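test case, fold it:
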Amino acid sequence: MSNVNQNPERLLAIPVKKTDPVDLYRPLRKFVATKYSESDAQKVESVLETLNNCRRDMVERGDLSLPMQRDCLIHYFKCLCMVEPLFTAISSDADADPITFVWYDAFFSEHENGVSSQRNSIQLEKAAVIFNLGAICSQIGASCDRTTSLGRHLAMDAFNAAANFFYKLWTVFAKDVSATLDLSLLFAKSLHRLCSAQASELNLQQRLHHNNTNDDASSVSFKSVSQNYQMLTVMILRNLPATEHILSFDRTWITHLSQKLTFFQLEARQRKSSILPKSNQPVVISLVSPLDDDAESVTEKLVTAACNYNCGDPWTRELEHQPRIPFIDLFLSEYSPFKIMDGGKLVAYPWDMPPPYPTNLAFLSSSSSSSSSSYILAFPLKKCEPLDLYESLRNYFVLKYSESVAKRVEGLLQMLNKLRGEMQRDDILLPVRRDCLIRYFKCLCMIQPLFPMTSSPNPPIFVWYNAFNPQEVSSQHNIYLEMASVLFNLGALCTHIALSSDLTTNQGHRIAIDALNDASYWFLLLNSVTMSASATVDLSKNCSDMLREIISAEIADLNCLPHSRYDRSSFPGYPVSSLYRKAYDLLTVGTLAENLVQSSIPQYLESKINVHHVKTAPIDVSEQFLLRYCKYNSLLPEECQPLCLDLLSEAGPVMIKDGNLVANLRGSDVAMEEMSLPETTVTLP
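Down below sits the predicted model:
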């Protein structure tokens, strides 16, 4: 999004912290070779090289766009989390080469007049990186064109992400760091409040623009925004060092915050005094409604639909406590920047090397399935009839809006149609097919507000067959049938991945468990979608519950293996056989029994009596890196990396380009050479 500076409302952007260069590769590699072995150093040297390159780019490259700076910082932070045990060991080893980080206060405009903080500690480095992530997101938000609906949406998401980064800085990373004032707890809390206040202001602007609030609601909203600014102003003005610090950076900040506070307080009072009786108040219109409004907001609404899915709202709130597990993506995803290759070598791809990356199958092979077949049952996948989504959807946009609006979303429609054709291919690798389904589902979430397409003369008809009984078929215009079927196949495909894992290795054992957890997640999400889809029995809540019970029993079964580092307390007092019995009881009730009697599920459950044991390989240095990565992956939650901002990056299937949704070839590796769409990039000033 380009900033044409037509909006007179100023938004404050946080400056980034500056740092001095430091070489990380040589001392870290030397330490691994000395304390572990040369072979261990070779296993992790790719991560160490990427870590070093990321920091160098972060310090020296001034040509990076704001989204690229954000991607670089996120990649660097993940690398830092992986290698943190090395820094901890080096700091207590007198013979190791010391590593000194020097960071300057972000609010000193001249580098040479800044205050340096030197610590032989990775905690300072992590805190400074989180600070800069918040700062970069605030700059993205301030640079968006807020005269458009999509620009306001992007700006709101950017400031929300910035607020969450500063919240993490305040509550987690700044606690053990004694550094410059900008990394103090009070200052981090103030920056969190500032970004939250500006995000809430943008949210209010967006709602008012869409006439999405009545006088009563708008009065409350203005009061809420004024309270955010009031808390921020009081927090800063009551702390003399903080006030002086901000005044030395930019004296207009204090005046600006005071003006914002006065404006929103006055507006809240005026709106409260003019509230209409409830009988005369206008009806509140939901922002995430079918696309019945002006054409200008079409792109923004498609993006909003995808973001609502990503955040678990409104129909996936029950999944808030179902975190996705990153370990499986380290091996199987085309898009994970880290991979374990043959021999336990850990490979890290540069942050600016666009996906897809080669998919590693070192722990997935047909020869290893014999070690997994005793524990895991692969569910069949649903089949569907071919369908050309592009023509019907494009014609709908032309008919309902205009040719120009159809062109704005043409890239999305082309990618959507291409992904649907690829997701049913049986000749592609399981991990590639899984990524294809995930990307297709995200695209479906974007177009979901189009349905039902009541004004279209030729709406698409989705035809899907029962996975367990192919003679049963469902044919509907309902997009929720399509979404539910894709979710079912995602869950089933993950069980195939688990079955093909080599349980004789640590990595294969963890892939199997993570794949099953992933399958359980998709079947749980399926429950939220099936409420809006009337389809075959395999898409019913009873069926998905039964399949999740089988998966829970299999996870418990695998957790009984020696050397398992998973939490076995998840199933207190439940022997594995009891879990399988619970799944069997669900299977034998009602229509499920009739539909699944010919499948292998009844025989499989009946045979699950004894628990077998497989010996796994010992832990090594690369395994330590992976355990640390998985542990700290939750420190960058979805709230810090909203999907809306990812549409400005180069990794997704669709990108925002000048307000349009365009296909991104760099985000796909499956038969994309057949498409003649140009590659695109997004630059923010």
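
going forward, measure contacts and count neighbours with C-alpha atoms only.
Noted.

where along this structure do the strands fall?
Taking DSSP state E to define them, one finds strands in the chain at 101-104, 116-119, 338-340, 346-348, 462-465, 473-476, 654-657, 660-663.

quick one, what contacts Ser622?
By C-alpha atoms under 8 Å, 6 or more residues apart in numbering, the contact list for Ser622 reads Asp40, Lys43, Val44, Gly344, Lys345, Leu346.

now the residues you listed in a markdown table, with neighbour count?
Putting these into a markdown table (neighbours: other C-alpha atoms under 10 Å) gives the following:
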| residue | neighbour count |
| --- | --- |
| Asp40 | 20 |
| Lys43 | 20 |
| Val44 | 22 |
| Gly344 | 18 |
| Lys345 | 21 |
| Leu346 | 24 |
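
that older thread, return the most buried member of the strands of the chain.
Ranked by mean neighbour count under mean count of other C-alpha atoms under 10 Å, the strands of the chain are led by strand 654-657, which reaches a mean of 26.

per-residue confidence for His117?
Not His; residue 117 is Ser. Per-residue confidence (pLDDT) for Ser117: 57.

not counting sequence-adjacent ones, nearest residue to Ser456?
Take Ser456 and drop its neighbours on the chain: the residue closest to it by C-alpha to C-alpha, 6 or more residues apart in numbering is Tyr396, 5.8 Å away.

from Leu437, how far off is the one you found?
Distance, Tyr396 to Leu437, using C-alpha to C-alpha, to the nearest Å: 24 Å.

the nearest residue to Tyr229 once chain neighbours are set aside: neighbour count?
Among residues not flanking Tyr229 along the chain, Leu261 sits closest, at 5.6 Å (C-alpha to C-alpha, 6+ apart). Residues lying near Leu261 (other C-alpha atoms under 10 Å) number 21.

then Thr252?
Counted with other C-alpha under 10 Å, Thr252 comes out at 11.

and the contacts of Ser622, which is closest to Ser578?
For the contacts of Ser622, the residue nearest Ser578 by C-alpha to C-alpha is Gly344; the value is 36.5 Å.

tabulate the contacts of Ser622 (TSV), appending distance to Tyr521 and pLDDT.
Conversion of the contacts of Ser622 to TSV gives the following (distance: C-alpha to C-alpha, whole Å; pLDDT from 0 to 100):
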residue	distance to Tyr521	pLDDT
Asp40	35	89
Lys43	32	90
Val44	31	92
Gly344	28	72
Lys345	29	82
Leu346	27	85
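
of those, which belong to helices?
Counting by DSSP state H, the contacts of Ser622 place Asp40, Lys43, Val44 in helices.

how near is the last one to Ser91?
So that's Val44. Here the distance between Val44 and Ser91 works out to 20 Å (C-alpha to C-alpha).

check the first one too.
Going from Asp40 to Ser91 by C-alpha to C-alpha gives 20 Å.

ok, Leu154 next?
Applying C-alpha to C-alpha, the value for Leu154 to Ser91 is 41 Å.

looking at these two, which is more packed in?
Neighbours were counted for Leu154 and for Ser91 using other C-alpha under 10 Å; Leu154 has more, 30 against 17.

contacts only, for that one.
Neighbour list for Leu154: Gly141, Cys144, Cys644, Leu645 [criterion: C-alpha under 8 Å, 6+ apart].

just the ones in helices from these, please.
Using DSSP H, those in helices are Gly141, Cys644, Leu645.

count residues in the vicinity of the second one, would you?
It stands for Cys644. For Cys644, the count of nearby residues is 24 (other C-alpha under 10 Å).

got it, and Leu387?
Residues within reach of Leu387, counting by other C-alpha under 10 Å, total 15.

OK, contacts around it?
Taking C-alpha under 8 Å, 6+ apart, we find Leu387 in contact with Pro460, Ile461, Phe462.

next: Ile550.
Leu579, Tyr580, Ala583.

please put the alpha-carbon coordinates of stretch 56-66 into CSV.
Presented in CSV, the C-alpha positions along stretch 56-66 are these (Å, rounded to 0.1, in the frame of the first residue of the first chain):
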residue,chain,number,x,y,z
ARG,A,56,24.1,-8.7,9.0
ASP,A,57,21.1,-7.9,6.8
MET,A,58,19.3,-6.4,9.7
VAL,A,59,22.2,-4.1,10.4
GLU,A,60,23.6,-3.2,7.0
ARG,A,61,20.9,-3.4,4.4
GLY,A,62,19.1,-0.1,4.0
ASP,A,63,17.3,-1.1,0.8
LEU,A,64,14.8,-3.5,2.4
SER,A,65,11.0,-2.7,2.3
LEU,A,66,9.2,-2.7,5.6
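
now it: buried residues?
By 16 or more other C-alpha atoms under 10 Å, the buried positions in stretch 56-66 come out as Arg56, Asp57, Met58, Leu66.

of these, which pair is most distant in space?
Pairwise distances across the buried residues of stretch 56-66 (C-alpha to C-alpha) peak at 16.4 Å, for the pair Arg56 and Leu66.

nearest spatial neighbour of Ile328, chain-adjacent residues omitted?
Nearest one to Ile328, counting by C-alpha to C-alpha, 6+ apart, is Ile511 at 5.3 Å.

pretty sure that neighbour sits against Ala498.
Yes: counting by C-alpha atoms under 8 Å, Ala498 is a contact partner of Ile511 at 6.7 Å.

between these two, who's got more neighbours?
It is Ala498, of Ile511 and Ala498, that has more neighbours when counted by other C-alpha under 10 Å, with 31 against 27.

which ones are touching that one?
By C-alpha under 8 Å, 6+ apart, the contact list for Ala498 reads Ser372, Ile376, Ala378, Ile511, Ala512, Ile513, Ala515, Leu516.

and the fifth one, how far is that from Cys494?
For Ala512, the distance to Cys494 under the criterion C-alpha to C-alpha works out to 9 Å.

comparing those two, which shows the higher neighbour count?
Ala512 (30 against 25).

wait, what's in contact with the residue nearest to Asp71 when sequence neighbours are not counted?
Nearest non-adjacent residue to Asp71, counting by C-alpha to C-alpha, 6+ apart: Trp351, 6.9 Å away. For Trp351, the contacting residues are Thr50, Cys54, Asp71, Cys72, His75, Pro337, by C-alpha under 8 Å, 6+ apart.

distance of the residue nearest to the fifth one when sequence neighbours are not counted relative to Arg439?
Translated: His75. Distances taken as C-alpha to C-alpha, 6+ apart place Trp351 nearest to His75, at 6.0 Å, with adjacent residues excluded. Distance, Trp351 to Arg439, using C-alpha to C-alpha: 20 Å.

same question for Arg581.
According to C-alpha to C-alpha, Arg581 stands 36 Å off from Arg439.

neighbour-wise, which of the two wins?
Legend: neighbour count by other C-alpha under 10 Å for Arg581 and Arg439, higher for Arg439 (22 against 19).

near the closest residue to that one other than its chain neighbours, how many other residues are there?
Computed as C-alpha to C-alpha, 6+ apart, the closest residue to Arg439 that is not its neighbour in sequence is Pro653, at 6.8 Å. Using other C-alpha under 10 Å, Pro653 is surrounded by 23 other residues.

can you pull the contacts of the closest residue to Leu185 other than its chain neighbours?
What sits nearest to Leu185 in space, not counting adjacent residues and going by C-alpha to C-alpha, 6+ apart, is Trp170, at 5.3 Å. Residues counted as contacts of Trp170 (C-alpha under 8 Å, 6+ apart) are Ser184, Leu185, Leu186, Ala188, Lys189.
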